[in-house]
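S.K.: fold the following, please.
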Amino acid sequence: MAIDPVCKMEVEEDKAAASSEYKGKKYYFCAVGCRKAFDQNPEKYVTEEKEPG
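M.R.: So this is what the prediction gives:
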(Lines give C-alpha, C1' and ligand atoms only; values in the text may rest on other atoms or scores of the structure.)
Protein backbone atom coordinates (compact mmCIF):
# COMPACT_ATOMS: atom_id res chain seq x y z
CA MET A 1 0.00 0.00 0.00
CA ALA A 2 1.09 3.51 -0.77
CA ILE A 3 -0.05 6.73 0.87
CA ASP A 4 -1.47 9.46 -1.36
CA PRO A 5 0.80 12.40 -0.43
CA VAL A 6 -2.00 14.93 -1.00
CA CYS A 7 -4.97 13.49 0.92
CA LYS A 8 -3.09 10.83 2.95
CA MET A 9 -5.43 8.01 1.84
CA GLU A 10 -4.05 4.51 1.46
CA VAL A 11 -3.84 3.54 -2.20
CA GLU A 12 -3.08 0.15 -3.73
CA GLU A 13 -0.34 0.76 -6.28
CA ASP A 14 -1.91 -1.46 -8.94
CA LYS A 15 -5.33 0.17 -8.50
CA ALA A 16 -4.25 3.80 -8.13
CA ALA A 17 -6.22 6.30 -10.22
CA ALA A 18 -2.98 8.10 -11.07
CA SER A 19 0.74 8.14 -10.37
CA SER A 20 3.56 10.63 -10.75
CA GLU A 21 7.31 10.53 -10.40
CA TYR A 22 9.28 13.18 -8.54
CA LYS A 23 13.02 13.14 -7.83
CA GLY A 24 13.20 9.47 -8.84
CA LYS A 25 10.43 8.31 -6.51
CA LYS A 26 6.99 7.22 -7.68
CA TYR A 27 3.91 8.49 -5.88
CA TYR A 28 0.40 7.05 -6.16
CA PHE A 29 -2.89 8.93 -5.93
CA CYS A 30 -6.51 8.05 -5.16
CA ALA A 31 -7.73 10.44 -7.85
CA VAL A 32 -6.46 12.46 -10.80
CA GLY A 33 -7.24 15.66 -8.88
CA CYS A 34 -4.74 14.71 -6.17
CA ARG A 35 -2.08 14.09 -8.82
CA LYS A 36 -2.75 17.47 -10.41
CA ALA A 37 -2.35 19.20 -7.04
CA PHE A 38 0.89 17.29 -6.43
CA ASP A 39 2.30 18.07 -9.89
CA GLN A 40 1.63 21.79 -9.41
CA ASN A 41 3.60 21.95 -6.15
CA PRO A 42 5.35 18.68 -5.23
CA GLU A 43 7.54 20.31 -2.56
CA LYS A 44 4.39 21.09 -0.56
CA TYR A 45 3.63 17.38 -0.25
CA VAL A 46 7.09 15.80 -0.18
CA THR A 47 8.96 16.17 3.07
CA GLU A 48 12.37 14.58 3.10
CA GLU A 49 13.59 13.14 6.36
CA LYS A 50 16.16 15.44 7.91
CA GLU A 51 18.60 14.69 10.66
CA PRO A 52 17.90 16.71 13.83
CA GLY A 53 20.25 19.46 14.83
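S.K.: chain neighbours aside, what residue packs nearest to V6?
M.R.: Spatial nearest neighbour of V6, excluding adjacent residues (C-beta to C-beta, 6 or more residues apart in numbering): C34 at 4.0 Å. The C-beta positions use only the backbone N, C-alpha and C, and glycine is treated the same way.
S.K.: tell me the SS of the one you found?
M.R.: Secondary structure, DSSP: H, G, I helix; E, B strand; the rest coil: C34 is helix.
S.K.: with S20 instead?
M.R.: strand.
S.K.: what's across from it in the sheet?
M.R.: Going by DSSP bridges, S20 is paired in beta bridges with Y27.
S.K.: pLDDT averaged over stretch 14-22 - what is it?
M.R.: Mean pLDDT, computed over stretch 14-22, is 97.
S.K.: roughly how far is it from the heart of the chain?
M.R.: How far stretch 14-22 lies from its chain's middle: 8 Å, per C-alpha atoms, centre = their mean, to the nearest Å.
S.K.: show residues contacting that stretch.
M.R.: Here stretch 14-22 makes contact (C-beta atoms under 8 Å, 6 or more residues apart in numbering) with 2, 11, 13, 26-32, 34-35, 38-39, 42, 46.
S.K.: pick out the lowest-pLDDT one from those.
M.R.: V46 (87).
S.K.: that residue touches P5, doesn't it?
M.R.: Yes - counting by C-beta atoms under 8 Å, P5 is a contact partner of V46 at 6.5 Å.
S.K.: the more surrounded of these two?
M.R.: Taking other C-beta atoms under 10 Å, V46 and P5 do not tie; P5 has more neighbours (21 against 13).
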